[in-house]
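> Sequence plus predicted model, see below.
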Amino acid sequence: WYQRRVHGECQYRPQQVIFKMVVPDAVKDKVGPMPDVSSMNKDDLAALCTQLYEQSCSVFGEKFHMEYLVKKRDAEIHNLEAECSESHGTFKVPKLKKVNKFKAMGGEDE
């Protein structure tokens with residue numbers, strides 16, 4: 001898109017850009033080759049539409065599940081980072097138990 005001023009107003013004119021759609025290899029492996037729809041009758045097209053719809057539902061379900069797992073792990077990482085930053089510089093030395101040195105060494109029998 002580029003901009004051209006005409007009488008104080010802006011007009012937008014699209015430049016000719018040609019995009020070629022390319023299907024990634026991972027998608028080709030999962031979906032398979034595209035069927036020839038020009039030679040199909042109405043019933044075959046309806047069956048193909050149903051099949052493609054079911055495939056898209058399962059793919060979107062997988063995508064949703066993966067996004068959920070990523071968000072869950074991101075939240076866990078964020079919580080761990082928050083715990084680390086909260087404890088930074090506030091390490092407390094634990095209280096030690098008082099022990100009679102003589103008894104600990106086994107010097108006196110009772």
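Nice, I can see it.
> What segments of the protein are strands?
2-6, 9-13 (DSSP state E).
> Comparing those by mean pLDDT, which bottoms out?
The minimum mean pLDDT among the strands of the chain belongs to strand 2-6 (a mean of 48).
> What about Val31, how many residues nearby?
For Val31, the count of nearby residues is 13 (other C-beta atoms under 10 Å). Quick note: C-beta positions are derived from backbone N, CA and C, even for glycine.
> Give me the pLDDT for it.
76.
> how close does it get to Val23?
Distance, Val31 to Val23, using C-beta to C-beta, to the nearest Å: 8 Å.
> before we move on, what about His65?
23 Å.
> what does Pro35 give?
Taken as C-beta to C-beta, the span from Pro35 to Val23 is 14 Å.
> neighbour-wise, which of the two wins?
Neighbours were counted for Pro35 and for Val23 using other C-beta under 10 Å; Pro35 has more, 13 against 9.
> wouldn't the more buried one be in contact with Cys49 here?
No. With contact defined as C-beta atoms under 8 Å, Pro35 and Cys49 do not form a contacting pair (11.2 Å).
> Can you tell me the closest non-neighbouring residue to Met40?
Nearest non-adjacent residue to Met40, counting by C-beta to C-beta, 6 or more residues apart in numbering: Leu48, 6.8 Å away.
> Please give me every residue in contact with the one you found.
Contact analysis of Leu48 by C-beta atoms under 8 Å, 6 or more residues apart in numbering lists 35, 37, 40.
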